[in-house]
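Engineer: Have a look at this fold, sequence not included:
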């Protein structure tokens with residue numbers, strides 16, 4: 001599976017085994033989680049937001065590692081069809097989320113996130129772009145850019161040209177060759 005998304009120039013790729021980017025000074029971040037499609041599901045339309053949140057808030061998930069997330073509200077949810085490189089429609093579930101996870105020191109902190117999810121090859125790929133709730137108005141445009149740029153496609157198919165350009169620009173930037 002090929003994944004692509006854009007993110008602000010001030011964010012950096014985090015070290016470690018996960019695909020995540022962040023701006024450490026503000027706690028703005030984006031990451032991808034993957035889980036098997038539920039039995040009987042073939043597209044993201046078959047996967048509810050509750051199933052995505054169960055994985056996201058589980059002890060093995062990004063926000064459940066330090067304890068359960070008791071307070072969460074889905075602000076908006078929709079299915080959008082985006083064209084693949086082969087011209088087919090691929091559905092993505094997009095939604096906004098307000099939630100209060102526990103931190104490593106057992107404090108709660110209110111966060112906001114914009115989420116985009118799709119199904120490819122029997123798995124659900126979920127992009128979560130989020131920030132502290134106090135920063136949401138300032139960060140919303142950046143988070144929406146990450147959410148709307150997220151694409152997942154089967155290996156062997158090219159990503160849409162605009163996404164490829166973003167990925168190539170990113171590769172040049174991290175290699176130190178921003179002149180190309």
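Structural biologist: Nice, thanks for sending it over. No experiment lies behind these values; they were computed from the predicted model shown.
Engineer: tell me how far the ends of stretch 114-125 are from each other?
Structural biologist: 14 Å (Cα to Cα, to the nearest Å).
Engineer: SS state for the residue lying closest to residue 77 once chain neighbours are set aside?
Structural biologist: Among residues not flanking residue 77 along the chain, residue 95 sits closest, at 3.9 Å (Cβ to Cβ, 6 or more residues apart in numbering). (C-beta placed from N, C-alpha, C; glycine too.) Here residue 95 is strand, with the state taken from DSSP: H, G, I helix; E, B strand; the rest coil.
Engineer: residues contacting residue 95?
Structural biologist: Taking Cβ atoms under 8 Å, 6 or more residues apart in numbering as the criterion, residue 95 is in contact with 49, 74-78, 114-115.
Engineer: Apply 7 Å and report the result again.
Structural biologist: Applying Cβ atoms under 7 Å, 6 or more residues apart in numbering to residue 95 gives the contacts 49, 74, 76-77, 115.
Engineer: Model confidence at it, what's the number?
Structural biologist: Looking at residue 95, its pLDDT stands at 97.
Engineer: how about the contacts of residue 95 in JSON lines, adding secondary structure, distance to residue 152 and neighbour count?
Structural biologist: Listed next are these as JSON lines, based on DSSP: H, G, I helix; E, B strand; the rest coil; distance: Cβ to Cβ, whole Å; neighbours: other Cβ atoms under 10 Å:
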{"residue": "49", "secondary structure": "helix", "distance to residue 152": "18", "neighbour count": "16"}
{"residue": "74", "secondary structure": "strand", "distance to residue 152": "21", "neighbour count": "15"}
{"residue": "76", "secondary structure": "strand", "distance to residue 152": "21", "neighbour count": "9"}
{"residue": "77", "secondary structure": "strand", "distance to residue 152": "19", "neighbour count": "14"}
{"residue": "115", "secondary structure": "strand", "distance to residue 152": "13", "neighbour count": "25"}
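Engineer: In CSV, list those residues along with pLDDT and distance to residue 123.
Structural biologist: CSV is the format used below for those (pLDDT from 0 to 100; distance: Cβ to Cβ, whole Å):
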residue, pLDDT, distance to residue 123
49, 94, 17
74, 95, 22
76, 82, 24
77, 92, 20
115, 97, 16
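Engineer: Spatially central residue for the protein, please.
Structural biologist: Geometric centre of the chain, nearest residue: residue 127, 1.4 Å, by Cα atoms, centre = their mean.
Engineer: circling back: in CSV, list the contacts of residue 95 along with distance to residue 23.
Structural biologist: Putting the contacts of residue 95 into CSV (distance: Cβ to Cβ, whole Å) gives the following:
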residue, distance to residue 23
49, 26
74, 25
76, 24
77, 26
115, 18
